[in-house]
Each structure stands twice: as C-alpha cells, then as structure tokens.
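>>> Got a sequence here, can you model it:
(chains A and B, ligands or ions: 2)
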Amino acid sequence: MCRLFAMSSAEPLSPIVALEALDVMREGHDGSGVGLFLRDLGGPFEEMKDAPILSGIFTEKGLKRLDAYMMNIGFMTKYKLSIKVPKTPPPGVPKRDVYLVRAYEYPEEWENLSFDQIAERLVRIRLELRAMGEAEKDMIVFSFWPDVIMIKEIGEPIQIAEHLKLDRKELKARILMAQGRQNTNYAINLYACHPFFLQGYSTMTNGENTAFVPIREFLQSRNFPGYTGYQSDSEVFTHILHYTITRLGLGIEAYKHVITPLRDEDIARHPDGPMLQQIKHGCRRLIIDGPNCVIGSLPDHSLFMVQDRKKLRPGVVGGKPGCFAFSSEICGLDAAIPDRDKSRDFQPMYLDTAIVGPERQEVTICRQTSPLVHRP
Amino acid sequence: MPSNIPIGPSTLSTFDLPWQILWDKDRCTLCGQCTAVCPVHAIELGVFRKRTVDPAWGSGSKPSTSFSLYYGIRQKTAPANACVGCAMCTLVCPNDAIRPLRAEEDDKLRFHRNQGGQARNRGGRRNVPGTVLDRIKFIRISMLTDPALDAGRHEFEIRTLLGRVLDPEDNLKFLNQNGWIPPVREIYPLVIGSMSFGALSPTMWEGLQMGVAYLNEQMGMPVRMCTGEGGCPPRLLRSRFLKYVILQIASGYFGWDEIIHALPHMKEDPCAIEIKYGQGAKPGDGGLLMWYKVNKLIAAIRGVPPGVSLPSPPTHQTQYSIEESVAKMIQSMYMAWGFRVPVYPKISATSTALAVLNNLVRNPYAGGLGIDGEDGGTGAAYNVSMNHMGHPIASNIRDAYLTLVQSGKQNEIPLIAGGGIGKSGNLAANAAALIMLGASAVQVGKSIMQAAAGCLGSETDRCNICNIGQCPKGITSQDPRLYRRLDPEKVAERLVDVYVSFDTELKKIIAPLGRSTALPIGMSDALGIDDRDVAERLHIQYVV
Ligand code: SF4
Ligand code: SF4
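Ligands and ions are numbered 1, 2, ... in the order given. You can find the predicted model right below:
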C-alpha cells in the first residue's frame, strides 16, 4: 500500500518536507517510485503564475525535439530550472539526461483565447508530447499547466531528493503532494506514479481500485482527449474529479457522492435526495467502492481527502492555521507539523470529505449527508 | 402373452427406450402407487404367466410342467407412453421396488417419436449438459489486504438498474430544467425470468409470488418476477404486489385485455413492461401453450375458448419493423402508465441482436434489452428448435456490451442476460460471469423451478413433458390432481432459500474484488478461461 503525504502552507516550503514525511512512513512503500506535485509556487515562479510550466524527463535528443516542437507552435521559454544530476544515480534509479521544469510564454495568437480554450490546448500539447515521447522513448511529460510542477522517479524518495538536489531554493511551493509508491499490480512505469494531473486537478491514492476497467471504459467514451493514459488504476480518480467538477458542474463535496454514493435510505432522507439519486444512477460506473484513500488538489488551491465507503484505508488531517497536512499515517503528520494541536487531528470517516481551503485557516468537513453547496 | 406378437417397423422393445423400469418382484407389495403416480402411464399392472419345469430327479417320479400366474409391473413401449425417467414411481414406492434406469446406449425411440407426422414437442431446454459459463473462472482475487472485503461481515448493497439511465451530463441538465427523466428501478440482479401463468400451475405461480413478496418485504431484496405470455391474474394486478412484477407483452397479446382493464384500478405500477420478441430456447418461434393446459381459468384470463392450443406468432404482427416497434410499442406502453414505468424488449440471442441494440440506443425510451441465450428453457417447443437453434449467451452479451462501450452507452441501456444460467447448478458463478462480461442483471427460469419446486427435468432429456400438462411435480400442469401435489408455501420457502444462498455466493465472488455497493458490471479483467479461442472471443484472459 502506497504512502501519501500532502501539505498546504502559507509559507512556500521545500519539497523535502514532504519527502521526509514519507520517509518516516517508509515501511509502507518499497522504493518503486516517488511522485511530487508542487503548486502555488514560490521562488522565481512566484512572478509568473500564469505561465504554463512543462515538467518531465528528457533525453538530450528528446530535448532537441521538444524545443523544435515548442518553437514551431510559438512557445518561448520564459524561465527554466535546470536539474543537473550526477553521473551515477543511486541504486535502483535509472540514468536520465535531463529533468525539465520550464516555464513558457504563450504564443501571441493565444492572447484572445478564453481560459477554457487555453486549457483545452494545453492538454492537447501535453498529450502530443507524451505520444511523441512514447514513440521514440525520449520524453516523459507529466504536466503542462500554469503554476504546477511535477517530478516523478523510480527509487527511494530521500535518495531521489538528494540525487536531484530538490532542496534548492528555487523549488518551493505552498501546496505539496507526494507519494511513495508500493507496486502491487502493474509493471513499474513512471506514468503509473502518483500524483496524476489533468487541467489543474490532481489526486493521489493508496489501495487498489478494482473497478478500474469499467471506469476507464466509461471515461474513455466521454469524448474528452484528456481521459487517456491509464497506466495506473488510480489515474481514474483524477479524471473522475475533473469530470465531476468541469463536466457535471458539481462542487468538490459532490466528488464523494460520485465515487461512493450514499445508501438508498440515506439518499431518501437527504435534502438533495432527488439529485443524488440521479447522480448515483448516472455515474454508477464511477463508483469505486474499493478500499481507497484519495488526496487531491484543486485549481483554487484547496487540498482535500476522502475515504472509501468502508474506510479501510487510513488517512489523517491536522495542522495549525497557515499550515495543514494530509497524511496516510499519523507519523507522517508528526514529522511534518510536530507542534500542532494533536487533539484536533481529524481522520475522515466514510461520509466525510476533509477540505483545507486556499486560506489555510481550518479543516472543513463536508458530511455526505449534508446539503450540497454547489449545484450545476 | 401371445406368441405371435405383431412386429412392425416401429415396434420397440423396452430396451430401445431411453429409460427402462427396473422392478423387483420380491420387494413389490403391489400397492399400485407407482402406476397411479406415473404422469405418462408408462407402467401398468401386468399379469405374468410363469412355467416351471420339474425334471424329476428321484426314481419313480415323473417330470412335469406346472404353470403359475403372478402380478407385477409392465412397462409400455408405445412412444406416447415411453417412460420419461421422472422417477416419481421410485418416489412413491414404499419398498424401493421400482426405479427407472437410463439406457446405456442411445435409445431408438428418438427415431419413432414423430408419429402421425408430428414432430416432437417438449418442454425443458437444449439437452446439452454444461456451458461455457461453467468454465469461466474468477481470477482476480487479492492475496494482500488490498481490495478484499469480508463477504460475511461487510455491508453490501447488491442492486442493479432497470430502465434507461441518461448520460450524467444530460441527466443533471434535465433535472435542472425539469425535463423528463426516464423511470429507473433499482432491483436485485437475479430476476425470475418470464414464465407464463398458463404454462405454470396456479400453485407454482402462487408459490413464486409469495416468495418474491417475502424476499422484498422481509429480506429487503428487491427481487422481481416476470410474467410470461398469458397475462396476469386479475387479483394480482389490483394488489400492492404488482410492483414486484414485470408484465410481459408477447406477440400473442394474450391476457392484455385483462391488464388494460385493470389499469384504472392499479394501486401500484408494475416494475416494468417487457415486450417479448423472442425466447432463447426457440428463436424464431412464438410462445406455445398446448391445449392440454388451456382450462377454463386460463382460457378466461387469456381471453380465448378453453381447450385449444394457443400458439403466439413468432413476431408482433402489428409491427412492421424493429424501428417501428421500438418507436411505437415502447412509447405506447410508456404512455399507458404515464411514463412512470420502464419498458424494454426481450429478444433471443442471435447474430442480429446487435442490430436491435443499435436501434434501442437511438431511442430515448428504451429501458433496457433482455437477451435470452440458446440454453434458455421453455414450456413447449419443437425439439429441433430447442436443440439446434439459437446463439450462446456469453458471446452475445459480450458483443452487446462492447458495442455499448464503444459508443459510451454502457451505463445507459441495461442488458439483461438469460438462458442457461445455473444449468449445472452453478447459479451464482454463472450469473457473476455474465455480469462481469457486461450484463446488468440476469434472468433465470428453469434453475429456479428446479431449486424451488423440484423440477425433474435435466440436460439428459429426463422428464421434459411440461408441454402436455402432465408435470409429475405439478409445476407445469393445469390439472388439479397434479398441481395439488405442489405446496405453494413450500415453494415460497425454497425460493427464499435459493435467493439468500445465491446472495451469499455472489458476495463471495465480488468481495475479493472489493465491490460492495456497485455490481462488477463489465469487470472482465477478473475473468479467465482455459480455452484460448473462448478467451479471445470474449476478450477475457486465457489461463491454464
Ligand atoms: S419413472 Fe416416471 S415415467 Fe417412468 S415409470 Fe416411473 S413414474 Fe412413470
Ligand atoms: S418436472 Fe414438470 S416442469 Fe420439470 S421437466 Fe418435468 S414436466 Fe417439466
């Protein structure tokens, strides 16, 4: 079972904080991979919140192809963070040429586009690059989105942090999400590493999603190019989140209603019962109902956590105003925010969605039996 | 017995029959129970003459011959009276003195059954044991803690949907605009398939209905039962139990007068309306109720004179095409119940099933599609239809499901699979396999009869005389002397047992998959089979 850690802090933090928290939970992951998601960036990226940032891993040749491709469609490099790695990687970590984090200037002709149009195009470009990379094995692209950096690699989290020198001052963010991977089912593949990302929505999960095949089939048939990839059964959680909010026009508190709907008796008593019944029917294929804990981040910079219906996966939220963390084990939380009021730690139960909003002042709990806030 | 027995071309000896009666003279008390109970009069009391020769061993005595008479059981060999192997005689014999024995080689009777130019007509189903469903294995079982749930202790909500489910985006849009959202029912995924009132005896019907009501009201399992062709008893139509019933309208429209007349008096809506186009056991045939079963009551409910055979036409003669049928019939049925009741067609599995499905997809009213495979059962059909026609359900349902997946409609039109589920007694395993292949629900008839009422029919042509109304168990007979054998209370009790144990087994299969509130519909990654061709055809894993 993978270990998860996420943090939302008013002060930009180094990703090392998250990786150290993973390290204390180490018996839960086997070094088969680590994924890092950074948002609401600090340092040099603070000044360019709107610029799309491309993150990925490239070979020298891939980099040349990338440059040619991006130039061709009119993107100019605005800033880049070069990660030079030592010649010999730590044991178990593959040898790579370049880890790329590069912010771009939009092409001129994009100026008059609406944000939705831009979002659409950014996804297409990311997918195209990914396809190019898969064809020639020279690029792996994780994200292409403003104010977001993603780094993934195979190996022990802490060793990777040292190898990539992640404690540099340019790399700081107010939202961190990290996962130490325990490979249970599929072959080790970087695209299978959490967190997953799509148009500003990102999630990571532990536990196995056994409903993967029907959910994948459902999403793939929704006519949206971003619903693709699926190297991991957990990737669908990100896409369901995206679908719930962007396609169905529901709020984050409805996410749990989609993946783990209430029982019929509870729906009958619910103030939004008729609508929830329709959601339960229409989104039936998206019910996960397996043992999972999902931690995610939204474009408005909130972080949230939900559990499967039986709450078989642990998960805890705690912190203090200005700084909250979500962890799959209490020891991870202890490592990251030791000086919090532990009596206020919260473990979401099977009806709860725990949310820390962009103000980072408190943990909001949405119970599934409470009225919905957003309606489409 | 005369020594000059006439031997014609179709004269048969008992040895030529599929079943031979073994009768033990020493045990028999000549009570006559066996001959009284035999549904086909295959046995009669016989008088036997025995000659005893005394060779006279000692000196002085002369050899002699004496004759004696004794009474016993004689088996008839006329095709109409051939023993059907039901073993009712064994069941009633106080001394275990009699039993049918299956012939060790193929019987010759099969060549002589079609007497008077009449092809053989029988009930039951295709006489081929085993199905591909029995060979499918569930291979996705977690050995770590990850998905496995405790089948015995976790809470499960085993439900499926019947009715058109809209695409979630449209659904929420319509909801906000107060548009029409098609009615959807949450039902238990194991439906009692259509068995008509005329085909089943009143005690059987009553037993099933009681069992269904108990399952719903006491066990909290929303089990539904479909009526077949022939309508529905008026009292049921006007009762609150109607909500557990799926009314079938078949091509003969028998009994629909009664249903239409009852409409204003209905306290509840029926669960759904099934429009029957075909039956898996006899694709291309309509229904058939032979005159033996058309007694006064049945005739009254069906609106026909008593004592005549009632064949339904193979298609709905009022409809010109499937497009028309979908547009017209489905819609008018919706209208009849104020658009509150889901309506769906049922067809036999055939290679044209996909054409029907594609038609339904385009019609916003179609509430599902029932597909009945070649192993489905029937009360009466020609042997040739049952044994040699039809399409296996597994690949048909799989094709249908994958077609829906391609167009993204897999959540929208529920597929109900039927035909041979539980044929070898593996009800839950067969049902789960079909669900994972893509069915939203499964329907069973014969296995329920076998389990709940002790139907004797088997895949080796045992019994199968449902058509002539002489069902030895009283399941498919309209003769009170026969159907009084069946205690409806006991049928209800057994039905509940069957469902509860099915439920336990289904949970055992889906719990290791981590499923507890949503059925594993289409979770084909959990299936494997040891036959490469089948695996490839069904898009499941090949495992040896
Ligand atoms: S087995 Fe059935 S059909 Fe055969 S003799 Fe006995 S009662 Fe009659
Ligand atoms: S027992 Fe009755 S229902 Fe079963 S096969 Fe025989 S006649 Fe048909």
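
>>> surely B:N383 meets B:R120?
Yes: shown here, B:N383 and B:R120 form a contact pair, counting by C-beta atoms under 8 Å, at 4.2 Å. For the C-beta atoms, the positions are set from N, CA and C on the backbone; glycine is no exception.

>>> any common contacting residues for these two?
Listed as contacting both B:N383 and B:R120 by C-beta atoms under 8 Å, 6 or more residues apart in numbering or on different chains are B:R113.

>>> Find the nearest non-adjacent residue to the closest residue to chain A within the stretch 51-200 of chain B, please.
Proximity to chain A, evaluated over the stretch 51-200 of chain B using C-beta to the nearest C-beta, is greatest for B:P168 at 3.6 Å. Once flanking residues are discounted, B:P168 sits nearest to A:G282: 3.6 Å by C-beta to C-beta, 6 or more residues apart in numbering or on different chains.

>>> got it, and B:V92?
Excluding the flanking residues, the one nearest B:V92 by C-beta to C-beta, 6+ apart is B:Q33, at 4.3 Å.

>>> Check the burial of the one you found by counting its neighbours.
Using other C-beta atoms under 10 Å in any protein chain shown, B:Q33 is surrounded by 17 other residues.

>>> Look at it and report its pLDDT.
Looking at B:Q33, its pLDDT reads 95.

>>> residues contacting it?
Taking C-beta under 8 Å, 6+ apart as the test, what B:Q33 contacts is B:89, B:92-94.

>>> just the strands in the stretch 351-500 of chain B please.
Applying DSSP state E, counting those that start in this stretch to the stretch 351-500 of chain B gives strands spanning B:369-372, B:377-382, B:415-418, B:441-444.

>>> Could you find the closest non-adjacent residue to A:P348?
Nearest to A:P348 is A:A354, by C-beta to C-beta, 6+ apart, at 4.6 Å.

>>> isn't the one you found right next to A:G318, touching?
No: applying C-beta under 8 Å, one finds A:A354 not in contact with A:G318, separated by 10.0 Å.

>>> any shared contact partners between those two?
Counting by C-beta under 8 Å, 6+ apart, the contacts common to A:A354 and A:G318 are A:346, A:363.

>>> Just say helix, strand or coil for A:D23.
Following DSSP: H, G, I helix; E, B strand; the rest coil, the label given to A:D23 is helix.

>>> Quick check, it in contact with A:Q159.
No: the pair A:D23 and A:Q159 does not pass the contact test of C-beta under 8 Å, sitting 9.9 Å apart.

>>> List the strands paired with the host helix or strand of A:M177, with their directions.
Using DSSP states H and E, A:M177 maps to strand A:173-180. The strands beside strand A:173-180 in its sheet (DSSP bridges) come out as strand A:3-13 (antiparallel), strand A:34-41 (antiparallel).

>>> Packed most tightly, which of those strands would that be?
strand A:34-41 (a mean of 27; mean count of other C-beta atoms under 10 Å in any protein chain shown).

>>> what's downstream of it, the next helix or strand?
Sequence order places strand A:52-58 as the next helix or strand after strand A:34-41, per DSSP H and E.

>>> Might one say that A:D50 is in contact with A:P146?
Yes: taking C-beta under 8 Å as the definition, A:D50 is a contact partner of A:P146 at 5.3 Å.

>>> Neighbour count for the two, which is higher?
Higher neighbour count among A:D50 and A:P146: A:P146, with 22 against 11, using other C-beta under 10 Å.

>>> hey, what's A:F326 bridged with?
For A:F326, the beta-bridge partners are A:A6, A:V317 (DSSP bridges).

>>> And it, how far from A:L303?
Going from A:F326 to A:L303 by C-beta to C-beta, to the nearest Å gives 6 Å.

>>> who touches both of these two?
Residues touching both A:F326 and A:L303 (C-beta under 8 Å, 6+ apart): A:6-7, A:295, A:356.

>>> Near the residue of the stretch 301-450 of chain B at minimum distance from ligand 1, how many other residues are there?
Per C-beta to the nearest ligand atom, B:Q450 is where the stretch 301-450 of chain B lies closest to ligand 1, at 16.7 Å. Using other C-beta under 10 Å, B:Q450 is surrounded by 21 other residues.

>>> ok, it touching B:G457?
Yes: taking contacts as C-beta under 8 Å, B:Q450 lies within contact range of B:G457: 7.1 Å.

>>> Arrange the strands of the stretch 351-500 of chain B in CSV, one row each, with distance to chain A, mean neighbour count and mean pLDDT as further columns.
Listed next are these as CSV, based on distance: least, C-beta to the nearest C-beta, whole Å; neighbours: other C-beta atoms under 10 Å in any protein chain shown; pLDDT from 0 to 100:
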stretch, distance to chain A, mean neighbour count, mean pLDDT
strand B:369-372, 17, 30, 96
strand B:377-382, 30, 26, 92
strand B:415-418, 13, 30, 96
strand B:441-444, 13, 27, 96
